[in-house]
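Peer 1: what would the 3D arrangement of this be:
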Amino acid sequence: MQKKKYNISVEATLEVIGGKWKCVILCHLTHGKKRTSELKRLMPTITQKMLTQQLRELEEDGVINRIVYNQVPPKVEYELSEYGRSLEGILNLLCAWGETHLTRVYGDKFSVLEDSVLNEQLK
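Peer 2: Below is the predicted model:
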């Protein structure tokens, strides 16, 4: 396997968690296991195709675990892996920076934040 070269280590981080949806998925998973349908409900603007793709990529990178229950109908859940839990500090800092940014730009961050489980703790 050819080793990839990086200009700076943050590139490796962004390769794993970069993009519009991966951090959002990971933030939801910090609150426990979720089924695909739960994640879709929590992120109504993500397409099913994109959600599936992002989950597969996060699983390939070892950041999340896919748990398949042998039952009918099939049940699949996703959770942060131990390796994925190491991202919680980064995710918390990204959320804190985002809150500060929203307040700076809009004054009242709640005027632009959706009602969400993740935003309940901010009130």
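
Peer 1: burial measure for residue 80, as a count.
Peer 2: 23 (other C-beta atoms under 10 Å). C-betas here are computed from N, CA, C, even on glycine.

Peer 1: separation between residue 10 and residue 90?
Peer 2: Going from residue 10 to residue 90 by C-beta to C-beta, to the nearest Å gives 11 Å.

Peer 1: kindly report the same for residue 2.
Peer 2: For residue 2, the distance to residue 90 - C-beta to C-beta - is 27 Å.

Peer 1: also residue 98?
Peer 2: Distance from residue 98 to residue 90, by C-beta to C-beta: 13 Å.

Peer 1: got it, and residue 21?
Peer 2: From residue 21 to residue 90 the distance is 16 Å (C-beta to C-beta).

Peer 1: which one of these two has more residues nearby?
Peer 2: Counting neighbours by other C-beta under 10 Å for residue 21 and for residue 90 shows that residue 21 has the greater number, 20 against 13.

Peer 1: could you report the pLDDT at the more buried one?
Peer 2: In the predicted model, residue 21 carries a pLDDT score of 97.
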